[in-house]
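Q: Structure for this input, please:
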Amino acid sequence: MFLNRHLLFCLLSPSLSLSLSLSLALSLALALALSLSLSLSLSLSLSLSLSLSLSLSLSLSLSLSLSLSLSLSLSLCLCLALSLVLALVLALSLSLSLSLDLSLALFPTSPYYMQVMLGEHDLRVFEGTEQLVKTNTIFWHELYDYQTLDYDMMMIKLYHPVEVTQSVAPISLPTGPPDGGMLCSVSGWGNMAMGEEVNLPTRLQCLDVPIVETVDCEAAYPGMISPRMVCAGYMDGGRDACNVRFTIYYSVNELSRCITLLSNLCDLLE
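A: Numbering: from 1, shown residues only. Reported below is the predicted structural model:
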């Protein structure tokens, strides 16, 4: 396994979104066309009923009006039924479109929707250290829960081996679980301030945060911490890895260990 210090996910699903949008537009157009047609038929039936009732005799008018009223009622019921069906189809089409877009955006289970960028440092500058690699296979944990984030683990098999350089290299695995207070390094392009309108940084940020004892973490987040999670940060607030975009978390053995990095990890690319 190679060290992916700087990871970007590129989700590519324009063709599916376009087809779903086109299907939704056609469904809406069909619903509007049928509604207009039914409304026109309803108005013509009502006009015919009034004209015949005025021109015929009283008895004939009454019988004809009765039959036309019955026909009008059936037409109205049919119109309402078709309108409900079309509305249901339209709602299901919209729900399907949103669900598929959301699933593709958050859970790209197909390797064709994901690429891996290695050696990234400055998002706006091509520095020659980047390696863009296609993915061959994506392995999601079968017990992953998107609500509790339990078993939040994934392995990516790359389409081809990467080139080992100063910016992309293997990393040594830990020999045991981390102790409380042990410093671990996180990196990413996340918010650099809380409660303020700030622009996300374009250059990679690195931060050392201490491991928090599981007991203290469970007390701070009751019912949210599983045995497969590791807590890190400062109990009194301050530096943390919250609201991080494309942050890299190093984990092994179901997140029960923390991989420590050199404190000058980011300085290697400065």
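
Q: hang on, residue 112 is in a helix, isn't it?
A: Yes: looking at residue 112 with DSSP: H, G, I helix; E, B strand; the rest coil, it is inside a helix.

Q: Now do the same for it: its pLDDT.
A: Residue 112 is assigned 76 on the pLDDT scale.

Q: Please pull out the lowest mean pLDDT helix or strand from the chain.
A: Least confident helix or strand, the chain: helix 14-55 with a mean of 47, by mean pLDDT, DSSP states H and E.

Q: where do the helices sit along the stretch 51-200 of the chain?
A: In the stretch 51-200 of the chain, the helices defined using DSSP state H, counting those that start in this stretch lie at 58-106.

Q: Flag the shaky bits of it, pLDDT-wise.
A: Along the stretch 51-200 of the chain, segments meeting pLDDT under 70 span 51-109, 194-196.

Q: what's the distance between residue 227 and residue 123?
A: 35 Å (C-beta to C-beta, to the nearest Å). Where C-beta positions appear, they are placed from N, C-alpha and C, glycine not excepted.

Q: Whichever strand in the chain runs longest pairs with which strands, and in what direction?
A: Ranked by residue count under DSSP state E, the longest strand found in the chain is strand 131-140. Counting by DSSP bridges, the strands paired with strand 131-140 are strand 115-118 (antiparallel), strand 154-158 (antiparallel).

Q: Out of those strands, which is the most enclosed?
A: Most buried of those by mean neighbour count (mean count of other C-beta atoms under 10 Å) is strand 115-118; its value is a mean of 19.

Q: CA atoms only for that one - export them in PDB, please.
A: The C-alpha trace of strand 115-118 is given here as PDB (Å, rounded to 0.1, in the frame of the first residue of the first chain):
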ATOM      1  CA  GLN A 115     -10.000   8.800  -9.600                       C
ATOM      2  CA  VAL A 116      -7.200   9.200  -7.100                       C
ATOM      3  CA  MET A 117      -4.800  12.200  -7.100                       C
ATOM      4  CA  LEU A 118      -1.500  11.400  -5.400                       C
END
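
Q: returning to what we had before: nearest to residue 166, of the strands paired with strand 131-140?
A: Nearest to residue 166, of all these, is strand 115-118, at 12.0 Å by C-beta to C-beta.
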